[in-house]
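Novice: could you look at this predicted model? Sequence included:
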Amino acid sequence: MAVLEMEEGRMQVCRDGAPIYDIVLEDSFDRLPEEMERLGSQGRKLCIVTDSNVAPLYLEAVEKLLSGCFSQVTSYVFPAGEEHKNLDTVKRVYEHLIQNRFDRKDWLAALGGGITGDLCGFTAATYLRGVDFIQIPTTLLSQVDSSIGGKTGVDFDCYKNMVGAFHMPKLVYANVSALKTLPPEQFSAGMGEVIKHGLIRDQEYYEWILENKEAVRNRELSVCRRLICGSNRIKRQVVEADPTEQNERAVLNFGHTLGHAVEKLKDFSMLHGHCVALGALAALDICVKRGMVPEAEADRYRETMEYFDMPVSVGGLTKEAVVAATKNDKKMEAGVIKFILLDRLGHAYVDRTVTDEEMKDALDAVMERPGEK
C-alpha cells in the first residue's frame with residue numbers, strides 16, 4: 001500500500017539505482033536552509049521563480065530564509081495563469097539571469113504550483129545548457145505530481161506542454177501547511193491527480209482516500225501529509241522504472257488525452273486537474289464498455305469527483321472537436337494515440353487500439369446535454 005509515512009519526512013528518488021534527489025515533507029519552510037547547505041549552496045547565486053499569486057504569500061519569507069545560504073538571492077515574479085506558461089515568459093527569466101550574471105553553477109528555485117514548476121524547470125534545463133534547480137511546490141497538484149519526475153515544459157500557442165525537457169531537480173521541498181492557503185478550486189483540482197494515482201497503481205490507496213475523504217476535504221494536515229506521501233510513492237515507483245517515458249511512465253497520463261483536449265479547447269479557462277478528472281471519467285467509460293471495470297466503479301468515481309467539487313461535465317464543445325484536438329497531443333506515436341486504460345481498478349496500461357468512435361461515445365459521459373449547466 002502506498003499510504004505509509006516517510007521516514008523522517010524524506011523519500012529518495014533514484015535513477016538506475018543511484019540516488020538523484022530527495023522529496024522532503026515539512027509543515028513549514030523552516031528547514032529549507034538546512035536542506036540547501038546539505039546540497040552545497042554556499043557561494044552560489046539563487047533565483048526564485050514564482051507567480052503573482054504566490055509571491056505575496058511566501059516569497060519574502062523564503063527569500064529571508066535562504067539569503068544566508070547563497071551569495072546572492074534574486075527573484076523573478078511572472079503573472080499567474082496558464083496563458084503565461086510560454087516561451088515569452090522563459091525569455092524574460094533568461095534576461096533576468098543574464099542581467100544578474102548567473103553562471104552554470106548557480107541555481108533556480110520554483111516556488112509555487114505546477115505552472116511555476118514546469119516553467120522554472122524548463123528554464124533551468126535550457127539556460128547555459130542546463131543549471132541546477134529545486135522545487136518548492138505550494139499547491140496540492142504540484143506536491144503530489146508535477147514537482148516529481150523531472151518533466152518540464154511550456155505551452156506553445158494553444159498546445160499544452162509541447163516544448164519541454166527532462167531535467168531532474170536537486171530537491172523537492174513541500175511545505176504541507178501551504179495547503180491551508182490554497183483556494184478551494186485549486187485543492188479540488190489537485191485531488192484530480194491524487195485520485196488518478198490510486199486508480200492507475202494502488203487500489204488500496206484509492207480506497208483509503210475514499211475512507212478518509214472528509215478529513216482530506218477539511219485539509220487536516222496529518223491526513224494530507226499521508227495523502228501526499230501516498231501519491232509520491234506511486235509517482236516515484238513509476239518514474240524510477242521509466243525516467244524518460246519510454247513505456248511504463250505513460251500510465252501517469254491516465255485521463256490526459258481527452259483532458260488536455262478539453263483544456264485546450266476551453267482556452268485554459270478550466271484547471272488542469274479538473275480536465276484530467278473529466279478525461280479519466282471518459283476513459284473509465286471506455287473501460288466499462290470493454291468489460292474491464294464494473295459500471296458501479298465509474299459511478300463511484302463520478303460521485304467522488306462531485307464530493308471534491310470537481311466538474312463532472314463540460315459544455316460548449318462538440319465531441320468531434322475534442323477528438324480532433326487529441327491528434328495534436330504530444331502523446332501521439334506514429335500517428336496512433338497512446339491511450340491509457342484500466343484493465344482493473346489499480347492497474348493501468350497503454351492501449352493503442354482506442355478508436356475515434358470509442359472516444360466520441362465516451363465523451364457522452366462528460367458532455368453537458370442541451371439545457372444542462
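Specialist: Here it is on my side, so go on.

Novice: could you give the secondary structure assignment for residue 165?
Specialist: Using DSSP: H, G, I helix; E, B strand; the rest coil, the structure places residue 165 in strand.

Novice: that one and residue 143, how far apart?
Specialist: Residue 165 sits 22 Å away from residue 143, going by C-beta to C-beta, to the nearest Å. C-betas here are computed from N, CA, C, even on glycine.

Novice: which of those two has more residues huddled nearby?
Specialist: Taking neighbours as other C-beta atoms under 10 Å, residue 165 and residue 143 compare with residue 143 leading, 33 against 14.

Novice: hang on, isn't the more buried one packed against residue 227?
Specialist: No - using C-beta atoms under 8 Å as the test, residue 143 is too far from residue 227 to be in contact (9.4 Å).

Novice: burial count for residue 315?
Specialist: For residue 315, the neighbour count with other C-beta under 10 Å is 12.

Novice: contact partners for residue 50?
Specialist: For residue 50, the contact set (C-beta atoms under 8 Å, 6 or more residues apart in numbering) comprises 58-59, 75-78, 110-112, 116.

Novice: of these, which is the nearest to residue 151?
Specialist: The closest of the contacts of residue 50 to residue 151 turns out to be residue 110 (C-beta to C-beta; 12.6 Å).

Novice: helices or strands next to the host helix or strand of the closest one in the packing?
Specialist: Taking DSSP states H and E as the criterion, residue 110 maps to strand 107-112. Applying 3 or more C-beta pairs under 8 Å, 6 or more residues apart in numbering; DSSP states H and E, one finds that strand 107-112 contacts strand 45-51, helix 60-66, helix 114-126, strand 132-137.

Novice: which intervals of this structure have sub-threshold pLDDT?
Specialist: 1-8, 329-334, 369-373 (pLDDT under 70).

Novice: in it, which spans are strands?
Specialist: 10-15, 18-26, 45-51, 72-78, 107-112, 132-137, 151-156, 159-166, 171-175, 332-333, 336-337, 339-344, 347-351 (DSSP state E).

Novice: let me have those strands in TSV, extended by distance to residue 191.
Specialist: Shown next, in TSV, are the strands of the chain (distance: least, C-beta to C-beta, whole Å):
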stretch	distance to residue 191
strand 10-15	21
strand 18-26	18
strand 45-51	21
strand 72-78	26
strand 107-112	18
strand 132-137	15
strand 151-156	20
strand 159-166	20
strand 171-175	16
strand 332-333	28
strand 336-337	26
strand 339-344	18
strand 347-351	18
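
Novice: so which of those strands comes closest to residue 288?
Specialist: strand 339-344 (9.8 Å).

Novice: what packs against the closest one?
Specialist: Applying 3+ C-beta pairs under 8 Å, 6+ apart, we find strand 339-344 packed against helix 184-201, helix 256-265, helix 272-289, strand 347-351.

Novice: out of the ones you listed, flag the one nearest residue 321.
Specialist: Of all these, it is helix 256-265 that lies closest to residue 321, at 5.9 Å by C-beta to C-beta.

Novice: so what's residue 182 up against?
Specialist: Residue 182 neighbours (C-beta under 8 Å, 6+ apart): 138-140, 190.

Novice: show me how to select, in PyMOL, the buried members of those.
Specialist: Of the contacts of residue 182, the buried ones can be selected in PyMOL as follows, counting by 16 or more other C-beta atoms under 10 Å:
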select buried, resi 138+139+140+190
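
Novice: closest to residue 282 among the contacts of residue 182?
Specialist: Proximity of the contacts of residue 182 to residue 282 (C-beta to C-beta) peaks at residue 190, which lies at 20.1 Å.

Novice: show me what contacts the closest one?
Specialist: In this structure, residue 190 makes contact with 139-144, 182, 273, judged by C-beta under 8 Å, 6+ apart.

Novice: got it, and residue 245?
Specialist: Contact analysis of residue 245 by C-beta under 8 Å, 6+ apart lists residue 151.
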